[in-house]
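1. heads up, no residue letters with this:
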């Protein structure tokens, strides 16, 4: 799979504070690539560097195999940090400026993206009169203008109501299905889990891991079991795994196995042969949240 | 280039504050020159001896060709009004963070600065046209009995443009450095009206030094000499100031080039 974006040892300092430390990864074409990390982890700094708003102190990045340039940025729809528009201009006039600079889209396309983000009725209102959610939707409209094949979205659902969040997530999934590449920064785990195919996790400027979401965020099998005597069950299961926990509230025992190694039929048979009859047996994936906290040490 | 101008026009054409200040600028230049004209007529129409002596001493500073010089001098006092426009145009970009959005959307940093350079050039040109029209209109209607070619001193149009562009470029630099509109305006006005004139005069009168003429505003201030009637107070010094104009043309051009080279360099170097 071709790389849309390649980062090679990107380093950034703000004075003495190192915001990014030798960050390297590839964004495959057609992926929804989540850059995940807690606040202050360097997500926006990283996106600012690839959009030439900030200068890296060291390292390189390549868009489509070439160093970043204005012509390449024109082909990328971007929303960085906060919606940046002229407050005294209307929504439609702000998009005309986006269109004039980027060359993306036509007058008809401007109307189309405004309809897509449900701002068409308010297109002639000044940006300063917009609510936070409307400002965010206008920024998404600007990014979508001209249907760019690559989108860079920094916290795209910021400030949106639950319906707006669901709409934008659905839109991202539709864009992914139609072959777009989306690079998305987020601190919302379920957002990344729901829409991203790939992710990179940052903590205080350091890349912890990168790869397909399924591989990096869901890695352990958790088997939940129950029987009449929980203590006897737990003792028996310790022969299979060292990670055995009794949950007294739910009256269950949790056993953690490495990813893909839990065999429910074998466990059931093992317990029965050792005189314990199970009344509950199910396989669960380790929660994304738990995995994220584990990775970021939060 | 056309795309840059079109984009800047899209930013300006629906900006009410810009058109308000622009309107005030357009009214100021004819207004102030007509004001001085009426003061002149008010003084010289008096039949008293003092009035008649003043009339002989002053001649008619508003008649062409002398009117070009007189009205360039008076008009140059009001550089602060177009400088508000310039400071607004650059600080708005920082306030709304649209300077970074323009780059994200596909301009290079050089494109952004070129757009601003064009804004300042156009504004200086518009102000110069205003001055030229006002000077020509007032001059033409007050040249009865005047001698000499009407266009003899029309090169003051070029000098006025150079001074305006130079001083608006300094206002732009202040806006770019300070980033906040009101603080930038305060810094520019305070420096131009208070700091630099005091520094120039302290150097001149206390230390008998002419180094003050190389201060940023003073370099181009000396392009537009006083009207002849004011020069009669010290004719030697006045003649000296007229002879120095050609050097200050060169200094002003150098200053303008340096100013914009600095602005381009700064915009290219710093994070947005």
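-> That came through, no problem. Predicted model, so just to flag it, every value in this text is computed and none were measured.

2. which ones are touching residue B:29?
-> Residues in contact with residue B:29 (Cβ atoms under 8 Å, 6 or more residues apart in numbering or on different chains) are B:75, B:78, B:127, B:130-131, B:134. No exception for glycine: its C-beta is placed from N, CA and C like everyone else's.

3. can you pull out the strands in the stretch 101-250 of chain A?
-> Using DSSP state E, counting those that start in this stretch, the strands of the stretch 101-250 of chain A run over residues A:150-154, A:181-186, A:198-203, A:206-212, A:220-227, A:244-247.

4. and the gap between the residue in the stretch 101-250 of chain B that chain A sits nearest to and residue B:266?
-> Nearest to chain A in the stretch 101-250 of chain B, going by Cβ to the nearest Cβ, is residue B:106, at a distance of 3.4 Å. Using Cβ to Cβ, to the nearest Å, one obtains 21 Å as the distance from residue B:106 to residue B:266.

5. look at the residue of the stretch 101-250 of chain B closest to chain A and tell me its secondary structure.
-> Assigned with DSSP: H, G, I helix; E, B strand; the rest coil, residue B:106 falls in the coil class.

6. who has more neighbours out of residue B:106 and residue B:266?
-> residue B:106 (23 against 14; other Cβ atoms under 10 Å in any protein chain shown).

7. end to end on stretch A:146-161, go ahead and measure it.
-> 26 Å (Cα to Cα, to the nearest Å).

8. re earlier: what's the closest of the strands of the stretch 101-250 of chain A to residue B:180?
-> Of all those, it is strand A:150-154 that lies closest to residue B:180, at 25.0 Å by Cβ to Cβ.

9. pipe the strands of the stretch 101-250 of chain A into CSV and attach mean neighbour count, distance to chain B and mean pLDDT per row.
-> Listed next are these as CSV, based on neighbours: other Cβ atoms under 10 Å in any protein chain shown; distance: least, Cβ to the nearest Cβ, whole Å; pLDDT from 0 to 100:
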stretch, mean neighbour count, distance to chain B, mean pLDDT
strand A:150-154, 23, 8, 93
strand A:181-186, 25, 13, 91
strand A:198-203, 24, 19, 90
strand A:206-212, 17, 21, 88
strand A:220-227, 19, 40, 86
strand A:244-247, 14, 48, 86
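
10. surely the residue of the stretch 101-250 of chain B closest to chain A meets residue A:100?
-> No: the pair residue B:106 / residue A:100 is not scored as a contact, 9.9 Å apart, by Cβ atoms under 8 Å.

11. report the distance from the one helix or strand residue B:21 maps to to the chain centre.
-> Per DSSP states H and E, residue B:21 falls inside helix B:16-44. What separates the centre of helix B:16-44 from the centre of its chain is 14 Å, taken as Cα atoms, centre = their mean, to the nearest Å.

12. flag every buried residue along that helix.
-> Residues of helix B:16-44 classed as buried: B:18, B:21-22, B:25, B:28-30, B:32-33, B:36-37, B:40, B:44 (neighbour count, 16 or more other Cβ atoms under 10 Å in any protein chain shown).

13. got the contact list for the residue of the stretch 101-250 of chain B closest to chain A?
-> Residue B:106 touches A:70-71, A:73-74, A:101-103, counting by Cβ under 8 Å, 6+ apart.

14. need the max-distance pair from those residues.
-> Farthest pair in those, by Cβ to Cβ: A:71 and A:101, 12.0 Å.

15. and these two? Which one has more around it.
-> residue A:101 (26 against 12).

16. was I right about the more buried one contacting residue B:104?
-> No: with contact defined as Cβ under 8 Å, residue A:101 does not count as touching residue B:104 (9.1 Å).

17. chain neighbours aside, what residue packs nearest to residue A:144?
-> residue A:113 (4.8 Å; Cβ to Cβ, 6 or more residues apart in numbering or on different chains).

18. neighbours of that neighbour, how many?
-> 25.

19. nearest residue to residue A:132 in space, please, no chain neighbours.
-> residue A:159 is the one closest to residue A:132 (Cβ to Cβ, 6+ apart), at 3.8 Å.

20. what parts of the stretch 1-150 of chain B come near chain A?
-> B:3, B:6-7, B:10-11, B:14-17, B:92, B:96-98, B:100-109, B:111 (Cβ under 8 Å from any Cβ of the partner chain).

21. the residue in chain A that chain B sits nearest to and residue B:111, how far apart?
-> Chain B sits closest to residue A:74 of chain A, with a gap of 3.4 Å, by Cβ to the nearest Cβ. According to Cβ to Cβ, residue A:74 stands 11 Å off from residue B:111.

22. got CSV for the buried residues of helix B:16-44, with pLDDT too?
-> As requested, the buried residues of helix B:16-44 are exported to CSV (pLDDT from 0 to 100):
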residue, pLDDT
B:18, 88
B:21, 87
B:22, 87
B:25, 86
B:28, 89
B:29, 88
B:30, 90
B:32, 88
B:33, 89
B:36, 88
B:37, 88
B:40, 84
B:44, 79
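
23. quick check, nearest of the residues you listed to residue B:205?
-> Looking across the buried residues of helix B:16-44 and measuring by Cβ to Cβ, the closest to residue B:205 is residue B:36, at 27.3 Å.

24. and the closest one, what does it touch?
-> Per Cβ under 8 Å, 6+ apart, neighbours of residue B:36: B:62, B:70, B:74.

25. cutoff 7 Å now
-> Contacts for residue B:36 (Cβ atoms under 7 Å, 6 or more residues apart in numbering or on different chains) come out as residue B:74.

26. just the helices in the stretch 51-200 of chain B please.
-> B:66-75, B:80-95, B:98-104, B:109-141, B:156-178, B:181-189, B:196-201 (DSSP state H, counting those that start in this stretch).

27. give me the below-cutoff pLDDT ranges for chain A.
-> A:1, A:217-219, A:285-298 (pLDDT under 70).

28. please enumerate residues in contact with the lowest-mean-pLDDT helix or strand in chain B?
-> Least confident helix or strand of chain B, by mean pLDDT, DSSP states H and E, is helix B:49-58 with a mean of 75. Contacts of helix B:49-58 from elsewhere in the structure, counted by Cβ under 7 Å, 6+ apart, are B:43-44, B:229, B:232.

29. stretch A:272-282 now?
-> With Cβ under 7 Å, 6+ apart, stretch A:272-282 has contacts from A:224-227, A:232-233, A:236, A:252, A:264, A:267-268, A:271.
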